[in-house]
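Student: give me a 3D structure for the following:
(2 chains)
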Number of protein chains: 2
Amino acid sequence: MYEVITHSLRSLVNFTDDELFSFMQKLKPMRLKKYTCYLKPGQVCHSMVIVHQGALRYFVRNDKGDQTLGFAFEGEWLGDYESFLLKTPTHCYIEALEDTELFMLSYADMQELYNKSQRFERFGRLIAERLFIETAKSKSKLLTQTAEDRYLELLTNQPRIFERLPLALIASYLGIQPQSLSRIRARLLSVKN
Amino acid sequence: MYEVITHSLRSLVNFTDDELFSFMQKLKPMRLKKYTCYLKPGQVCHSMVIVHQGALRYFVRNDKGDQTLGFAFEGEWLGDYESFLLKTPTHCYIEALEDTELFMLSYADMQELYNKSQRFERFGRLIAERLFIETAKSKSKLLTQTAEDRYLELLTNQPRIFERLPLALIASYLGIQPQSLSRIRARLLSVKN
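Tutor: Okay, the predicted model is just below:
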């Protein structure tokens, strides 16, 4: 029934059936209506969530408007990991882009799993390594890449985003105005033809 | 003899003496003369290093000059963790700021330790979590804080940097010119008096 979730967990660590069962028991289901928030500025992110069906957006709102930091689709984890680890209030929003079903894993339950077996500890390490790599890359892209570079990379590495989301959100993720994204797309199309 | 190292390792995980011995056996000593590099752009970072004595600087060089991303002093780990995990060439330099003694831990040896016991796996998870938090914070500071905010935070959280390093390097770490740092310091001093 929850193949999306079990497949996602086993893609990182080869859990036994018993371990997978323990893991699934810790997950608490939640439903979010389209455009409602899982997390808002000032709240502590007490649980990381994994999407069963739907899509989430992770963004900050400042005087330049919304800056979209990331998305999560089926089988992907999301949360403000810094707020989760340090128990500090977040500056971010996490919002459902569609009616979304997700599962929550709390900090206390995660620590309990870590103490249970080495494979859970490995799962935690691999998640932290992935999040580190993602954050380090996006920081270095902010410092070094043009918007066009970032667009082309996104198109290659995450084509799913273009199938599921409106261009205005993709522009916000690339850190540019929707009009700039349209111009980039028009220019690349004319170069291609 | 290596209290700096063993203390640093045990500050993260309560290793047994046997585990600590296994860990120490994997560490390869290296000496770097002042201003020589441990890592240069185009190289893969095959080992993370821990400083036994001395200081290291981690920076990128681009058309805006040197941008200092971090430092490591006694008992602190450094390396391009992204290059280390993905085996991709680095864009960074790691340079000794003083004659420096360090120990290297290779990727293969680290994986071997992870397989040895749960506590090594935990060590890896905690290191990855810390690096993630550091990178996420510095990314969000780049997007949101002024140079003066970053200076005051550094002064509070890492006073050691001001005792050990010249102001020009600290300016480069704050992403500003040395003259701007002098102006910030003069202004804060006049406000204080």
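
Student: next helix or strand past the helix or strand containing residue A:110?
Tutor: Using DSSP states H and E, residue A:110 maps to helix A:107-116. Downstream of helix A:107-116, the next assigned helix or strand under DSSP H and E is helix A:118-144.

Student: what's that following helix packed up against?
Tutor: Contact partners of helix A:118-144 among helices and strands, from 3 or more C-beta pairs under 8 Å, 6 or more residues apart in numbering or on different chains; DSSP states H and E: helix A:3-12, helix A:17-26, helix A:107-116, helix A:147-157, helix B:81-86, helix B:118-144. For every residue, glycine as well, the C-beta is placed using N, CA and C.

Student: which among these is found nearest to residue A:132?
Tutor: helix B:118-144 (4.1 Å; C-beta to C-beta).

Student: and the closest one, what's buried?
Tutor: B:118-129, B:131-136, B:138-140 (16 or more other C-beta atoms under 10 Å in any protein chain shown).

Student: got the residues of chain A near chain B?
Tutor: Contact residues (C-beta under 8 Å from any C-beta of the partner chain) of chain A with chain B: A:62, A:67, A:81-82, A:85-86, A:91, A:114, A:117-118, A:121-122, A:124-125, A:128-129, A:131-133, A:135-140, A:142-144.

Student: try 6 Å
Tutor: Counting by C-beta under 6 Å from any C-beta of the partner chain, the residues of chain A close to chain B are A:82, A:85, A:118, A:121-122, A:124-125, A:128-129, A:131-133, A:135-136, A:139.

Student: beta-bridge partners for residue A:48, please?
Tutor: For residue A:48, the beta-bridge partners are residue A:105 (DSSP bridges).

Student: that one touches residue A:105, doesn't it?
Tutor: Yes. Using C-beta atoms under 6 Å, residue A:48 makes contact with residue A:105 at a distance of 5.3 Å.

Student: the residues of chain A next to chain B: which two are farthest apart?
Tutor: Farthest apart among the residues of chain A next to chain B by C-beta to C-beta are A:118 and A:139. That separation is 31.1 Å.

Student: now do the helix or strand harbouring residue A:189: everything it contacts.
Tutor: Residue A:189 belongs to helix A:178-192 when assigned by DSSP H and E. For helix A:178-192, contacts defined as C-beta atoms under 6 Å, 6 or more residues apart in numbering or on different chains pick out A:148, A:151, A:167, A:168, A:171.

Student: just the closest of those to residue B:96, please.
Tutor: For the contacts of helix A:178-192, the nearest to residue B:96 is residue A:148 (38.3 Å; C-beta to C-beta).

Student: for the closest one, which residues are in contact?
Tutor: Neighbours of residue A:148 in contact, by C-beta under 6 Å, 6+ apart: residue A:184.

Student: now it: how far from residue A:181?
Tutor: Computed as C-beta to C-beta, to the nearest Å, the residue A:148 to residue A:181 distance reads 10 Å.

Student: can you list the domains in chain A?
Tutor: Following automatic domain parsing, chain A resolves into domains at A:3-144, A:145-193.

Student: now render these as CSV, adding mean pLDDT.
Tutor: Converted to CSV, the domains of chain A look like this (pLDDT from 0 to 100):
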stretch, mean pLDDT
domain A:3-144, 92
domain A:145-193, 88
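
Student: looking at those, which is buried most?
Tutor: Mean neighbours per residue, mean count of other C-beta atoms under 10 Å in any protein chain shown, is largest over these for domain A:3-144, with a mean of 17.

Student: tell me how far the ends of that one are from each other?
Tutor: Taking C-alpha to C-alpha, to the nearest Å, domain A:3-144 runs 39 Å from one end to the other.

Student: and what of stretch A:93-107?
Tutor: Stretch A:93-107: ends 19 Å apart by C-alpha to C-alpha.

Student: for it, the distance to its chain's centre please.
Tutor: Once both centres are worked out by C-alpha atoms, centre = their mean, to the nearest Å, stretch A:93-107 turns out to sit 10 Å from its chain's centre.

Student: other residues contacting it?
Tutor: Contacts of stretch A:93-107 (C-beta under 6 Å, 6+ apart): A:26-34, A:36-40, A:46-59.

Student: looking at these, which are in strands?
Tutor: Among the contacts of stretch A:93-107, the members falling in strands (DSSP state E) are A:28-32, A:37-39, A:47-53, A:56-59.

Student: mind telling me what element residue A:14 is part of?
Tutor: Taking DSSP H and E as the criterion, residue A:14 maps to no regular element, lying outside all helices and strands.

Student: distance of the closest residue to it other than its chain neighbours relative to residue A:19?
Tutor: Nearest residue to residue A:14, sequence neighbours excluded (C-beta to C-beta, 6 or more residues apart in numbering or on different chains): residue A:119, at 7.5 Å. Distance check for residue A:119 against residue A:19: by C-beta to C-beta, it reads 6 Å.

Student: and what of residue A:48?
Tutor: Residue A:48 is 18 Å from residue A:19, by C-beta to C-beta.

Student: same question for residue A:9.
Tutor: Distance from residue A:9 to residue A:19, by C-beta to C-beta: 9 Å.
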